[in-house]
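Peer 1: Below is the sequence, then the predicted model.
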Amino acid sequence: QVQLMESGGGSVQAGGSLTLSCAPSDDIYIDRSYCMAWFRQGLGKEREWIADRYLGTSYANSVKGRFTISRDNAKNTLYLQMNNLEPEDSAMYYCAAQRGSCGPLYKYWGQGTQVTVSS
């Protein structure tokens, strides 16, 4: 059962940009009481937290200054604006949601959207 749905992945050249979106399925309700986060997992690598948004925003050092997490509460949608992409950013990107705190566990997950950056 899909709980969160990511979209917006694709293939770009290094230096390009992509915007990912994440929205909940119809059978769950996520409001401002939830922390929402983005993770990624590259081929052969462990899953990596990259950003979250709850009372404020936080970023991993690897994406700080290039990625921006935002949330449209009216549309109940989370975004990840990714600029100046590098081949090292190639990964499956996942969104997650947890009520009341940003991790370490997240109750809801998406199935992921693939981002491929070529040099």
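Peer 2: Received the coordinates, thanks.

Peer 1: how distant is stretch 38-49 from the center of its chain?
Peer 2: 11 Å (Cα atoms, centre = their mean, to the nearest Å).

Peer 1: how long is it end to end?
Peer 2: 6 Å (Cα to Cα, to the nearest Å).

Peer 1: Sort out which residues of that stretch are buried, please.
Peer 2: By neighbour count on 16 or more other Cβ atoms under 10 Å, the buried set for stretch 38-49 is W38, F39, R40, W49. C-beta coordinates here come from the backbone N, C-alpha and C atoms, glycine included.

Peer 1: got the residues you listed as TSV, with pLDDT columns?
Peer 2: Formatted as TSV, the buried residues of stretch 38-49 follow (pLDDT from 0 to 100):
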residue	pLDDT
W38	98
F39	98
R40	98
W49	97
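
Peer 1: Just the closest of the residues you listed to D72, please.
Peer 2: W38 (15.0 Å; Cβ to Cβ).

Peer 1: Could you check which helix or strand contains the residue positioned nearest the centre of the chain?
Peer 2: Nearest residue to the geometric centre of the chain (Cα atoms, centre = their mean): W38, 2.8 Å. Using DSSP states H and E, W38 sits in strand 34-41.

Peer 1: Listing partners with orientation, what would you give for that strand?
Peer 2: According to DSSP bridges, strand 34-41 forms sheet pairs with strand 48-53 (antiparallel), strand 91-99 (antiparallel).

Peer 1: That's all I had, so thanks and see you.
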